[in-house]
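A.B. asks: after the sequence you'll find the predicted model.
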Amino acid sequence: MSDSAQQLTAPVKVAARDVAPNRRRGGDIRVVLSPKTVASTSGFMGTLTLAPDEFVAEHYHPYSEEFIFVVRGRITARIEGETLIELSAGEGLMVPIGQRHRVWNSGTEEAHAVFHLSPLAPRPDLGHVDTEPLPQSGAGQPQLDVGGRADE
């Protein structure tokens, strides 16, 4: 087996604390496992931390389902502008492909969640469509960067 094939099949460990947070869409979003960080080919996964009343702006994914699992605290999701779903620690939600969704911390303590999106969009810039103004749209706030291989 070639070194490049070996690299793609070897397990890769990444710590969320070692990933730079992205706050552009709201909250502290860290894409931990992705095509860029571990050369994944089927999806990406990360963490979300929200302070009380903090939110991630409404958006949708034209190619991916999004799975959200609350580890600590409370999160409310608004789906398609009207359906509200409350999640507590130990509960998960699957948002179908193409459905607009916004999430916020509806509790009084910091909330922590894990998210996973799959399948991948054909290109990273096609994977996420914002549908409301972003809370942190100023200069110096990078886009979520999940694409490309880790060595690119």
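C.D. replies: Everything's here; your move. Numbers count the residues shown, from 1 in each chain.

A.B. asks: going forward, measure contacts between C-alpha atoms and count neighbours the same way
C.D. replies: Noted.

A.B. asks: stretch 101-111: end-to-end distance?
C.D. replies: Start-to-end span of stretch 101-111 (Cα to Cα, to the nearest Å) is 17 Å.

A.B. asks: can you give the contact residues for it?
C.D. replies: 49-60, 70-81, 95 (Cα atoms under 8 Å, 6 or more residues apart in numbering).

A.B. asks: now, of these, which are buried?
C.D. replies: 49-52, 54-60, 70-79, 95 (16 or more other Cα atoms under 10 Å).

A.B. asks: now stretch 77-86: how far from the chain's centre is it?
C.D. replies: Centroid separation for stretch 77-86 versus its chain: 17 Å, with Cα atoms, centre = their mean, to the nearest Å.

A.B. asks: how about the helices in this protein?
C.D. replies: Taking DSSP state H, the helices of the chain run over residues 3-9, 35-38.

A.B. asks: of the ones you listed, which shows the lowest average pLDDT?
C.D. replies: Per-stretch mean pLDDT for the helices of the chain is lowest at helix 3-9 (a mean of 51).

A.B. asks: returning to what we had before: counting only strands, which of the contacts of stretch 101-111 make the cut?
C.D. replies: Counting by DSSP state E, the part of those found in strands is 49-50, 55-60, 70-72, 74-79, 95.

A.B. asks: relative to A10, how far out is the residue lying closest to G27 once chain neighbours are set aside?
C.D. replies: Leaving aside its chain neighbours, G27 sits nearest to L50 (4.9 Å; criterion: Cα to Cα, 6 or more residues apart in numbering). L50 sits 33 Å away from A10, taking Cα to Cα as the criterion.

A.B. asks: report how many residues lie close to L126.
C.D. replies: Counted by other Cα atoms under 10 Å, the residues lying close to L126 total 12.

A.B. asks: give the contact list for D28.
C.D. replies: 21-22, 47-50.

A.B. asks: output the below-cut-off pLDDT ranges for the chain.
C.D. replies: 1-9, 136-152 (pLDDT under 70).
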